[in-house]
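Chemist: A structural model of the following input is requested.
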Amino acid sequence: MSETPAGTPTAPDFDAMTRDIAEVPAVEVIVTVAVNLMSAAAVKLGLTEDGDAHKDLDEARKLVHALAGLLDASATEISSFHAAPLRDGLKSLQLAFREASLVPDDPGQGPGEKYTGAVYG
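Modeler: Down below sits the predicted model:
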């Protein structure tokens, strides 16, 4: 909700938001969601400036798995121009997960490997 200059709350303009969403191509929505999943996974893997402050491998596993599922499901819908860097990012996150795990998953059992196959460094 926003406020008028007098400080009175105004209702959000849902019609305008719907028009804005309607103008966004599906590929852009898919890529945006993928990038958000990648960013969240990187934080949960401790790959940010704060490092281990937000590290949570259980949460990271869920995010990486969801990202892999999204990329697998949308592979035929987005061009390789968009898909290639997302797949590279996914593989990097999968490798980072393997390195961060105290007890490594068996090959093919790591996060998202159901969709990508086993990931090796």
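
Chemist: neighbours of E23, how many?
Modeler: E23 has 8 neighbouring residues, counting by other C-beta atoms under 10 Å. All C-beta spots, glycine's among them, are computed from the backbone N, C-alpha and C.

Chemist: where in this protein is pLDDT low?
Modeler: Where the chain drops to pLDDT under 70, the residues are 1-8.

Chemist: just the strands from this protein, written as ranges.
Modeler: For the chain, the strands defined by DSSP state E occupy 2-3, 9-10.

Chemist: list the contacts for the nearest residue to H82 once chain neighbours are set aside?
Modeler: Spatial nearest neighbour of H82, excluding adjacent residues (C-beta to C-beta, 6 or more residues apart in numbering): V31 at 5.4 Å. By C-beta atoms under 8 Å, 6 or more residues apart in numbering, V31 lies in contact with 78, 82, 86.

Chemist: grab the most central residue of this protein for me.
Modeler: Geometric centre of the chain, nearest residue: L37, 1.3 Å, by C-alpha atoms, centre = their mean.

Chemist: my read: it touches L70, true?
Modeler: Yes: if you go by C-beta atoms under 8 Å, L37 and L70 touch, sitting 6.9 Å apart.

Chemist: can I get stretch 90-110 as CSV, trimmed to CA atoms?
Modeler: Taking Å, rounded to 0.1, in the frame of the first residue of the first chain, the C-alpha atoms of stretch 90-110 are listed here in CSV:
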residue,chain,number,x,y,z
LEU,A,90,23.0,-24.7,-11.5
LYS,A,91,26.1,-26.9,-11.9
SER,A,92,28.2,-24.4,-9.9
LEU,A,93,25.7,-24.5,-7.1
GLN,A,94,25.6,-28.3,-7.2
LEU,A,95,29.4,-28.5,-7.0
ALA,A,96,29.4,-25.9,-4.1
PHE,A,97,26.8,-28.0,-2.3
ARG,A,98,29.1,-31.1,-2.7
GLU,A,99,32.1,-29.2,-1.3
ALA,A,100,30.1,-27.8,1.6
SER,A,101,28.6,-31.1,2.7
LEU,A,102,30.3,-32.9,5.5
VAL,A,103,28.8,-36.2,4.4
PRO,A,104,28.6,-36.1,0.6
ASP,A,105,25.7,-37.5,-1.3
ASP,A,106,26.2,-40.5,-3.5
PRO,A,107,26.7,-39.6,-7.2
GLY,A,108,23.3,-38.8,-8.7
GLN,A,109,21.7,-38.2,-5.3
GLY,A,110,22.7,-34.6,-4.7
